[in-house]
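[1] No sequence on hand, only this structure:
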Ligand code: CP
């Protein structure tokens, strides 16, 4: 294990906080933690006596369950709070709510929020580590890390791969965090999507190649990450209809044939079935969409291990 010489931030906001060494260390730690989930007794005492609060102000299936499973497999106690079940529904502010949570001495606060910047806002005001579980259209660092892990497990490396990210780039926090993580680890990244779902300046900001059609982005790709159409973050109608979108941008067998043989197919979920990809692609042997979910637990175990009170365990081994 090579964690002890690295300094870890108090909060995880996005992957631009991490060097190549940090990203590699998280992926390596996650490989060790993945084995815990395959044991008969799926638990290690790493975070025994610690409290992890899961504050999901926006709906989630995968990320919320995955953080909860990860914390429990590390023997931490967990409490989950949602916006509708909290006093925010009575008008309490995000900061007041978070301060009240902190008054109960949690060891980490995992937050998902529809507002970009909410996790870093809290991170600057609270003492406990804040882990970003997705904020608006800004960042989803744990999703990008589990995508990196899935790619590295299947293809043995990230460096030198061509990775195509296709769909609603403008509203996608997954795309943003993945562009950072993939470029940091040496991948060549292409992005494609309808002009109404694209933002300017991506080439300069992230060093990616931008296309308005999926075909050139897919040409010779080792990996394709299809994105969900983020209807909840779109202010107007950005495409004529689901059938039109599927016809021009959806992943089907003909489009996938432009990529390298064996090209991996990823999607962060939830999938709009038949829109972002055909059902045949969702279930094809190259689809690693459910592997992504399995790897998500290991990534979140690694991050909780590395960030929660890491000064106490500096230099220790993660498994027992
Ligand atoms: N990938 C992802 O963030 O899924 P959820 O919205 O279900 O957490």
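    Thanks, I have it. Note that the coordinates shown come from a computational prediction; the quantities given were computed from them, not determined experimentally.
[2] What score does the closest residue to the ligand within the stretch 151-300 of the chain have for pLDDT?
    The ligand sits closest to residue 268 of the stretch 151-300 of the chain, with a gap of 3.8 Å, by Cβ to the nearest ligand atom. (Each C-beta comes from the backbone N, C-alpha and C, glycine too.) The model reports residue 268 with a pLDDT of 98.
[3] does it sit in a helix, a strand or a coil?
    Following DSSP: H, G, I helix; E, B strand; the rest coil, residue 268 is assigned to coil.
[4] number of nearby residues for it?
    Using other Cβ atoms under 10 Å, residue 268 is surrounded by 26 other residues.
[5] do residue 112 as well
    When counting by other Cβ under 10 Å, one arrives at 25 neighbours for residue 112.
[6] related to what we said a few turns ago, now the residue of the stretch 151-300 of the chain closest to the ligand, nearest residue through space, not along the chain?
    residue 174 (4.7 Å; Cβ to Cβ, 6 or more residues apart in numbering).
[7] and the strand or helix carrying the one you found, how far out from the chain's middle?
    Per DSSP states H and E, residue 174 falls inside helix 173-184. Put simply, helix 173-184 sits 9 Å off its chain's centre (Cα atoms, centre = their mean, to the nearest Å).
[8] name the helices or strands packed onto that helix?
    With contacts taken as 3 or more Cβ pairs under 8 Å, 6 or more residues apart in numbering; DSSP states H and E, helix 173-184 sits against helix 20-36, helix 141-155, strand 162-166, strand 188-192, helix 202-206, strand 223-226.
[9] my guess is residue 119 meets residue 113, correct?
    Yes - counting by Cβ atoms under 8 Å, residue 119 does reach residue 113; the two are 6.9 Å apart.
[10] mind putting the helices and strands packed on helix 173-184 in JSON lines, distance to the ligand included?
    Below are the helices and strands packed on helix 173-184 laid out as JSON lines (distance: least, Cβ to the nearest ligand atom, whole Å):
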{"stretch": "helix 20-36", "distance to the ligand": "16"}
{"stretch": "helix 141-155", "distance to the ligand": "5"}
{"stretch": "strand 162-166", "distance to the ligand": "14"}
{"stretch": "strand 188-192", "distance to the ligand": "18"}
{"stretch": "helix 202-206", "distance to the ligand": "20"}
{"stretch": "strand 223-226", "distance to the ligand": "11"}
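[11] I appreciate the help and will end here.
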